[in-house]
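[1] Sequence first, predicted coordinates after that:
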Amino acid sequence: MLEFQYQALPGRVVFGAGAARRELAGELDRLAAKRVLLVTGGSAEETARALADPLGERVVTVFAGVRPHVPLRVAEAARALAASVEADALLAVGGGSAVGTAKAIALTTGLAILAVPTTYAGSEMTSVWGLTENNRKTTGTDPRVLPATVIYDPELTVGLPARTSTASGLNAMAHCVEAFWAPDRNPVSTLAAREGIRALAEALPRVRHDPDAREGLLYGAYLAGSAFAVAGSGLHHKICHVLGGAYDLPHALTHAVVLPHVLAFNAPCAPEAAAAIAESLDGGHNGDNGNGGDPVARLRALNTELGVPCGLRALGLRADQVFEAAELVAPLVPEDNPRPVDLAALRGLIHAAWAGTRAEAGGGK
């Protein structure tokens, strides 16, 4: 007998090339926003200011100091600015850092967020927030941080360097794969995850030379965020959040490197999920690419094709930090992970991800 719970999350999505330019003012009208704080930074700042320029004095000021993993000091500065200008809404333009900073403001103020993502992070679809203090990242969920409206505009991703696009797209892939065994998984989130994997696997190899692939990549990222938002965070994300918060590793690339190892670890104890992931990675062709329906081999081949570093040591994690990382992850592991996880297993998994050892089913060194 089929039994499940599905919590649909409120929110409006506008998707299409040029949508940010055409729809931004109207979407702010829907939110009755009159004093908007623009939250952005890094490579997205120029795009954000160009989008905000036609809004005139409606955008009262700009917070451009976003940082990866949302350090608490950054969140506090952004909150203080929002209060000082009496902002009544937040416009987040950029990647996960911009959306995450807007979420940190909304967490304490309840201000509505209009998100315009320029990467494939997926945070814009979730009610998950994260803050980093003293090299430790804390995450939680709160309905106040879920953006009220998200505008997906593939044109805004054209300027992303290929390396950033592929890393961010593989981060979205991790959301999809994790949704198959995350704590609140259900048939609806699984459907989104399957289609998300298919769209991402089809678009990622093309994104370096075909601008039209960015539409498919953004579509896949939207589905990935939707699946993750409902299914929740599992073993993979617990590992990556610890690695990012404690050792300041690059968020998206960390997900890309770790994912094949977690998949290899869990797949033997979740054969139906593994078969579905393999089929989606192969575009619904049941492993016809020569990997025999092996999702780990298919994912490793995709990482290699996209030039992803093979191990966490290439991202800056030291060998002496592997066991410490395992100890930090251990208390966070979901109880219903498909395969039992003890400290020894975590050490082996993270060591394999550090060394870049071939990720075989079973997850050992």
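    Done, it's in.
[2] how about low-confidence regions in the chain?
    Within the chain, the stretches with pLDDT under 70 are 284-292, 358-365.
[3] Now do the most centrally placed residue in it against Asp282, distance only.
    In the chain, the residue lying closest to the centroid (CA atoms, centre = their mean) is Ala121, at 3.7 Å. Using CB to CB, to the nearest Å, Ala121 is found at 25 Å from Asp282. The C-beta positions use only the backbone N, C-alpha and C, and glycine is treated the same way.
[4] ok, back up a step: dump the residue contacts of the spatially closest residue to the residue nearest to the centre of the chain that is not a sequence neighbour.
    Of all residues not flanking Ala121 in the chain, Gly96 sits nearest, at 3.4 Å (CB to CB, 6 or more residues apart in numbering). By CB atoms under 8 Å, 6 or more residues apart in numbering, Gly96 lies in contact with 68, 119, 121-123, 251.
[5] Residue for residue, what is the longest helix the chain has?
    In the chain, taking DSSP state H as the definition, the longest helix is helix 213-231.
[6] just how off-centre is that one within its chain?
    Averaging C-alpha positions (CA atoms, centre = their mean, to the nearest Å) puts helix 213-231 9 Å from its chain's average.
[7] Toward the C-terminus, what is the element adjacent to that helix?
    helix 235-247 (DSSP states H and E).
[8] tell me the angle that following helix makes with helix 213-231.
    Angle of helix 235-247 versus helix 213-231, following axes from the mean of the first three to the mean of the last three CA atoms, to 10 degrees, is 100 degrees.
[9] Can you give the contact residues for stretch 323-334?
    Here stretch 323-334 makes contact (CB under 8 Å, 6+ apart) with 182-183, 233-235, 238-239, 242-243, 246-247, 317, 341-343, 346-347, 349-350.
[10] follow-up on the earlier one: as TSV, the contacts of Gly96 with distance to Ala301 and secondary structure would be great.
    Shown next, in TSV, are the contacts of Gly96 (distance: CB to CB, whole Å; DSSP: H, G, I helix; E, B strand; the rest coil):
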residue	distance to Ala301	secondary structure
Pro68	28	coil
Thr119	24	coil
Ala121	24	coil
Gly122	23	coil
Ser123	28	helix
His251	23	helix
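[11] you'd agree Ala352 is up against His261?
    Yes: in this structure Ala352 lies within contact range of His261 using CB atoms under 8 Å: 5.3 Å.
[12] okay, the two: which has more neighbours?
    Neighbour count, other CB atoms under 10 Å: between Ala352 and His261, His261 has more, with 29 against 24.
[13] can I assume the more buried one is in contact with His351?
    No: if you go by CB under 8 Å, His261 and His351 don't touch, sitting 9.5 Å apart.
[14] Tell me the buried residues in stretch 174-192?
    Residues of stretch 174-192 classed as buried by neighbour count (16 or more other CB atoms under 10 Å): 174-182, 184-186, 188-190, 192.
[15] meant to ask about stretch 136-145, not that
    Buried residues in stretch 136-145 (16+ other CB under 10 Å): 137, 145.
[16] CA atoms only for stretch 244-257, dumped as CSV, please.
    In CSV, the C-alpha atoms belonging to stretch 244-257 read as follows (Å, rounded to 0.1, in the frame of the first residue of the first chain):
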residue,chain,number,x,y,z
GLY,A,244,32.5,23.8,3.8
GLY,A,245,31.9,25.4,7.2
ALA,A,246,34.9,23.9,9.0
TYR,A,247,37.5,24.1,6.2
ASP,A,248,36.1,26.8,3.9
LEU,A,249,36.1,24.5,0.9
PRO,A,250,34.4,25.7,-2.3
HIS,A,251,30.7,24.8,-1.9
ALA,A,252,29.8,23.5,-5.4
LEU,A,253,33.0,21.7,-6.2
THR,A,254,32.9,20.0,-2.8
HIS,A,255,29.5,18.6,-3.7
ALA,A,256,30.8,17.4,-7.1
VAL,A,257,33.8,15.6,-5.6
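[17] Identify the residues contacting that stretch?
    Stretch 244-257 is contacted from outside by 68-69, 96, 119, 121, 130, 132, 135-138, 164, 166-168, 170-171, 173-174, 236, 240, 243, 303, 308-312, 314-317, 321, 324-325, 328, 353, 356, using CB under 8 Å, 6+ apart.
[18] Show me those that map onto helices.
    Short answer: the contacts of stretch 244-257 in helices (DSSP H) are 96, 164, 166-168, 170-171, 173-174, 236, 240, 243, 303, 324-325, 328, 353.
[19] Can you select the buried ones from these in ChimeraX?
    Burial among these is assessed by 16+ other CB under 10 Å; the matching ChimeraX selection reads:
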select :96,164,166,167,168,170,171,173,174,236,240,243,303,325,328,353
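[20] Do a quick rundown of the helices in the stretch 51-200 of the chain.
    For the stretch 51-200 of the chain, applying DSSP state H, counting those that start in this stretch gives helices covering 72-84, 96-109, 162-178, 187-203.
[21] Okay, angle between the first one and helix 96-109 too, please.
    This points to helix 72-84. When the same axes, to 10 degrees is applied, the directions of helix 72-84 and helix 96-109 differ by 60 degrees.
[22] Next, the buried residues of helix 72-84.
    Residues 74-75, 78-79, 81-82 are the ones in helix 72-84 that count as buried (16+ other CB under 10 Å).
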